[in-house]
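Chemist: Here is my input, please return the structure:
(chains A and B)
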Amino acid sequence: MSRYFTEEHEWVEVDGDVATVGITEYAQSQLGDVVFVEVPDEGRALSKGDDAAVVESVKAASDVYTPASGTVVEGNPALEANPALVNEDPEGEGWFFRLTLADASELEGLMDADQYAAFVAKL
Amino acid sequence: MTINQSGWRPEMGGSDEATQATFTGNRALMLEEPLLFEIGSTRTTGVDFDDAPEAPSRLGGMERKDPIGLPGLSEPEAVRHYTRLSRQNYAIDLGLFPLGSCTMKHNPRLNERMARLPGFADVHPLQPVDTVQGALEVIHQLAHWLVTLTGMDSVAMSPKAGAHGELCGILAIRAALEAKGEGHRKVILVPESAHGTNPATAAFAGFKVEDIPATAEGRVDLEALKARLGPDVAGVMITNPNTCGLFERDMRAISDAVHGVGGYVYCDGANFNAIVGRVRPGDLGIDAMHINLHKTFSTPHGGGGPGSGPVVFSAALTPFAPLPFVEKQGDRFALIEEETAGEHHAGSFGRMVAFHGQMGMFTRALSYILSHGADGLKQVSEDAVLNANYVLRSLEDVLDAPFGGSGPCMHEALFSDEGLAEGFTTLDVAKGLIDEGYHPMTMYFPLVVHGAMLIEPTETESKAALDQFIGALRSVAERAKAGDQALKGAPHFAPRRRLDETQAARKPVLRWKAPQPAAQAAE
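Modeler: You can find the predicted model right below:
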């Protein structure tokens, strides 16, 4: 399994042809307390860069983009009842959605953990 | 000689007991106020009604059997309740209201006097038009001045507020595209710094929204915009002056480029106050723009209101404008509606509202325009820009101004949270301002600036009022930079301390429940 990061502060973890997407620790710290999350429905077809989910904190509402094209397998059902999971464990239990990848090569330009850490350090 | 036995002077002592609890919970004239349901009893009413006559029920057994539990207050209890609550509010009539993007200017009392004239205030939208000629003339005159001030071709008066006006403009663009057989154009380009209502409007009208990036100086990136333009683009939505408080200098080039590929230009006119009388949007190639009468022409939220968002159109979009509108026919005014529009307005996309718009706001806006005159309106925008620049330059040594180097700002000054002590945020600065007796500025908007603080003083503030506000914000900012822990607990002097916004959103209490009487609770 390998994990990639985007400049929009999403992470994507690939296991076979299924990718799990969430937002990073840095993103949750910037958002502040998350109070609402909307995840995509199963079966929704997404193109790379599409708005896939919405995350709303006490400060602002933001879109979460999909870092790769594919079909949604499931949205994280736990987030609706407990959006605080995004703050508590953004890169684990607070994942947003899973999708089957249409084209794994779309992930090639993304950052690894070290590159992302360096990217965040410059912000 | 008489001696004032109760004459008290500070040196006599006893003045440090402000923290002492009172029997009532009141703090002098700042009164605690229970909920409406906690006052009086359901057996009380301020009005004596006759007993309801016996009538056969048609509810088929669905009648309510339990008491309805409405609050029961006498008239003085009701009057006091709302008067007390109003004293805990902050309003433009109490002080400077620095909400950026809201143009919280003073609402001249002359407007109110005009709007209350019975010939305007008491008319009904279904009255025969022969009996409301004066009201129609007001709408017609105001429409004339809005078209003149914007250099546009026509105006739809009926939209009820800014976002409603946006929708009106975008629907006209959609109708124009469909009339040309170009309904396949599905993309609306919107800058990242736009009001959230812009992308929401475009999406609501069935378009796909794409971001336009900004340059480092905070303006639309013209080259990036040009690179994205193509046959799928329906149009752009640009706010000018933009939400970073900057004039979009390339607006004419933006319009030309969008028109060049067959798209339309929508301008969010929320910030028109900075340029009214000095720039005509029609000269910038704009096809549609809403005007917030309740911002630019006084009567802001809580200081008049409600909203009203007429939309001005270019000649290209005029045929698609919504009904109704007022037309002068000889020496009388006619209301052009579906049955009277006929051939000469066959392209109208429909209607935004059932009737004619916000009559009270039309009267106030016309009163504002006529009482200021052309020179007065010019001075309004000049003074609004001068006041905002005074705030920007007076505070940029203590607060970070991300676009301070991009030239003069327009009507609003924008700061970021850069340089505040570790753990201190824009929210702390805002709460500190409450203790200083000010409504906070707009915060965390625009999203392109980290911890944004957007301040729009408007032209109605005097230099003395601005100096006091600047002094207050400087003091709070210095405390936030020094890491003053007391600021984390602000506000200290408001009727309520800092509220838990997270819990309020995650576990909102939306329904009041009567406390259980002790005897019942024990059962």
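Chemist: What residues does chain A have near chain B?
Modeler: A:33, A:35-36, A:58-62, A:83-84 (CB under 8 Å from any CB of the partner chain). For every residue, glycine as well, the C-beta is placed using N, CA and C.
Chemist: Which residue, other than its chain neighbours, is closest to whichever residue of the stretch 351-500 of chain B sits closest to chain A?
Modeler: Nearest to chain A, among the residues of the stretch 351-500 of chain B, is B:Y444, at 4.6 Å (CB to the nearest CB). The shortest distance from B:Y444 to any non-neighbouring residue, by CB to CB, 6 or more residues apart in numbering or on different chains, is to A:K59 (4.6 Å).
Chemist: A:L99 now?
Modeler: A:G70 (3.8 Å).
Chemist: element containing residue 80?
Modeler: In the absence of a named chain, chain A is used. helix A:78-81 (DSSP states H and E).
Chemist: wrong one, chain B
Modeler: Element membership for B:R80, per DSSP H and E: helix B:75-87.
Chemist: A:S62 too?
Modeler: strand A:61-65.
Chemist: packing partners for that strand?
Modeler: Applying 3 or more CB pairs under 8 Å, 6 or more residues apart in numbering or on different chains; DSSP states H and E, we find strand A:61-65 packed against strand A:51-57.
Chemist: quick one: buried residues of the strand it packs on?
Modeler: Within strand A:51-57, the residues scored as buried using 16 or more other CB atoms under 10 Å in any protein chain shown are A:51-53, A:55-57.
Chemist: For the host helix or strand of B:R252, the averaged confidence score.
Modeler: Per DSSP H and E: B:R252 is located in helix B:251-260. Averaging pLDDT along helix B:251-260 gives 97.
Chemist: and the spatially most central residue of chain A, what are its phi and psi?
Modeler: In chain A, the centroid-proximal residue (CA atoms, centre = their mean) is A:G22; its distance is 2.4 Å. Dihedral pair for A:G22: phi -150, psi -170, per degrees, to the nearest 10.
Chemist: For the closest residue in space to it that isn't next to it in sequence, give me its contacts.
Modeler: Nearest residue to A:G22, sequence neighbours excluded (CB to CB, 6+ apart): A:W95, at 4.1 Å. Shown in contact with A:W95 (CB atoms under 8 Å, 6 or more residues apart in numbering or on different chains): A:20-22, A:76.
Chemist: Among these, which one lies nearest to chain B?
Modeler: Nearest to chain B among those, with distances taken as CB to the nearest CB, is A:N76, at 16.7 Å.
Chemist: Next, the distance between the ends of stretch A:31-50.
Modeler: 20 Å (CA to CA, to the nearest Å).
Chemist: any idea how far A:Q30 is from B:G162?
Modeler: Using CB to CB, to the nearest Å, B:G162 is found at 28 Å from A:Q30.
Chemist: more crowded one of these two?
Modeler: Neighbour totals were compared for B:G162 and A:Q30, and B:G162 leads with 24 against 18 (other CB atoms under 10 Å in any protein chain shown).
Chemist: Nearest to chain A: which residue in the stretch 1-150 of chain B?
Modeler: B:S101 (14.6 Å).
Chemist: re the thing from before, ok so the residue nearest to A:G22 is a helix residue?
Modeler: No - the assignment for A:W95, made by DSSP: H, G, I helix; E, B strand; the rest coil, is coil rather than a helix.
Chemist: Helices of chain A, start to end?
Modeler: Under the criterion DSSP state H, helices of chain A are mapped to A:25-31, A:78-81, A:85-88, A:113-121.
Chemist: What is the first one packed up against?
Modeler: So that's helix A:25-31. Using 3+ CB pairs under 8 Å, 6+ apart as the test, helix A:25-31 ends up in contact with helix A:85-88.
Chemist: and the helix it packs on, which residues are buried?
Modeler: Neighbour-count burial for helix A:85-88 [16+ other CB under 10 Å]: A:85-87.
Chemist: Also stretch A:39-47?
Modeler: Buried, per 16+ other CB under 10 Å, within stretch A:39-47: A:39-40, A:44, A:46.
Chemist: May I have the distance across it, first residue to last?
Modeler: End-to-end distance for stretch A:39-47: 15 Å, by CA to CA.
Chemist: avg pLDDT for that stretch?
Modeler: On average, stretch A:39-47 scores 95.
Chemist: List the contacts of it.
Modeler: By CB under 8 Å, 6+ apart, the residues outside stretch A:39-47 that reach it are A:52-53, A:66, A:69-76, A:79-80, A:96-97, A:99.
Chemist: Kindly recompute the last result at 7 Å.
Modeler: Applying CB atoms under 7 Å, 6 or more residues apart in numbering or on different chains, the contact partners of stretch A:39-47 are A:52-53, A:66, A:69-76, A:79, A:96-97, A:99.
Chemist: Quick check: the two most widely separated of the residues you listed?
Modeler: Farthest pair in the contacts of stretch A:39-47 (CB to CB) is A:S69 and A:L79. Separation: 22.5 Å.
Chemist: So the two - more neighbours on which side?
Modeler: Between A:S69 and A:L79, counted using other CB under 10 Å, A:L79 has the larger neighbour count: 24 against 17.
Chemist: May I have the phi/psi pair for B:L499?
Modeler: phi -90, psi 150.
Chemist: what's the distance between it and B:N26?
Modeler: Where B:N26 is concerned, B:L499 sits at a distance of 20 Å (CB to CB).
Chemist: now the top helix by length along chain B: mean pLDDT?
Modeler: In chain B, taking DSSP H as the definition, the longest helix is helix B:359-395. On average, the pLDDT along helix B:359-395 is 96.
Chemist: hang on, the earlier thing: next, the buried residues of the helix holding A:E80.
Modeler: A:L79.
Chemist: returning to what we had before: wait, which of the contacts of stretch A:39-47 is closest to chain B?
Modeler: For those, the minimum distance to chain B (CB to the nearest CB) is 12.1 Å, reached by A:L79.
Chemist: Leaving out sequence neighbours, find the closest residue to that closest one.
Modeler: Using CB to CB, 6+ apart, the closest residue to A:L79 is A:V37 (4.1 Å).
Chemist: The one you found and chain B, how far apart?
Modeler: 11 Å (CB to the nearest CB, to the nearest Å).
Chemist: just checking, that residue touches A:A84?
Modeler: No - contact between A:V37 and A:A84 fails when scored by CB atoms under 7 Å: they sit 9.9 Å apart.
Chemist: Please say which of those two ends up with more neighbours.
Modeler: Per other CB under 10 Å, whichever of A:V37 and A:A84 has more neighbours is A:V37, with 25 against 16.
Chemist: partner residues bridging the more buried one?
Modeler: A:V55 (DSSP bridges).
Chemist: quick one: contacts for it?
Modeler: A:53, A:55, A:79-80, A:83, A:86.
Chemist: will you turn the residues you listed into TSV that also has pLDDT?
Modeler: Compiled in TSV, the contacts of A:V37 are given as follows (pLDDT from 0 to 100):
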residue	pLDDT
A:A53	95
A:V55	94
A:L79	94
A:E80	88
A:P83	93
A:V86	96
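Chemist: Sounds good, over and out.
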